[in-house]
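Enquirer: any chance you could fold what I've pasted below:
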Amino acid sequence: MSRVGKKPIEAVKGVDIKVASGHVTVKGPKGELKMALSDEVGVKVENGEVTVTARNPDERKSKAMWGTVRANIQNMVTGVTTGFTKDLELVGVGYRAALKGKDLELSLGYSHPVVYKAPAGITFTSAKPTEIKISGADKQTVGQVAAEIRSWRPPEPYKGKGVRKVGEFVRRKEGKKK
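Expert: Numbers count the residues shown, from 1 in each chain. Purely as a prediction, here's the structure:
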């Protein structure tokens, strides 16, 4: 039995949750998110609470989807009310980020600047040239954008240069010996 799936999701003030034709739609002050539902679970909205139930609690897939769908709906509610953010830092000589409109231009040691176009619902802010803040309502999209930016220059173990999450520990290796 799913411990996560058993908990009801309380509707926050100012958030509208609708379930129709195999989709859940959550509207709030920061936008609107839509998710397709699996056939393994049922979702009901009653008295300001959303409850998720497994259609066949004896099957393994149904039990797994029960908790997953509940967590995804909770993330949608959190996203449209407060939003999600990921902070990245650029470590290395000449590594910097600049905003060009809504897009992000990165200097990462290549012969050309890397331009990352902002997907719908994602905003970039850069207080310092070596810091990037990615924010949006969809948790999965925010994490995916952060992973794609990090993939251009992941932190390397010898000098520690690269794009890393704020507070990430990079284990350093010893260099060559004579």
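Enquirer: what's the longest helix along the chain packed up against?
Expert: Secondary structure of the chain per DSSP state H: the longest helix is helix 60-81. Judged by 3 or more Cβ pairs under 8 Å, 6 or more residues apart in numbering; DSSP states H and E, helix 60-81 is in contact with helix 3-6, strand 9-10, strand 23-28, strand 31-36, strand 41-46, strand 49-54, helix 139-152. All C-beta spots, glycine's among them, are computed from the backbone N, C-alpha and C.
Enquirer: least reliable of the ones you listed going by mean pLDDT?
Expert: For the helices and strands packed on helix 60-81, mean pLDDT drops lowest on helix 3-6, to a mean of 82.
Enquirer: what comes into contact with that helix?
Expert: Under the criterion Cβ atoms under 8 Å, 6 or more residues apart in numbering, residues 52-54, 63, 66-67, 69-71 lie in contact with helix 3-6.
Enquirer: let me know the pLDDT of S21.
Expert: According to the predicted model, the pLDDT of S21 comes to 85.
Enquirer: that one: what's it in contact with?
Expert: By Cβ under 8 Å, 6+ apart, S21 has no neighbours at all.
Enquirer: would you mind giving the helices and strands packed on helix 60-81 as CSV with distance to T78 and mean neighbour count added?
Expert: Formatted as CSV, the helices and strands packed on helix 60-81 follow (distance: least, Cβ to Cβ, whole Å; neighbours: other Cβ atoms under 10 Å):
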stretch, distance to T78, mean neighbour count
helix 3-6, 14, 14
strand 9-10, 10, 16
strand 23-28, 9, 19
strand 31-36, 10, 15
strand 41-46, 17, 15
strand 49-54, 13, 19
helix 139-152, 8, 16
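Enquirer: could you dump these to a markdown table with distance to P119?
Expert: Below are these laid out as a markdown table (distance: least, Cβ to Cβ, whole Å):
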| stretch | distance to P119 |
| --- | --- |
| helix 3-6 | 28 |
| strand 9-10 | 26 |
| strand 23-28 | 19 |
| strand 31-36 | 13 |
| strand 41-46 | 27 |
| strand 49-54 | 27 |
| helix 139-152 | 6 |
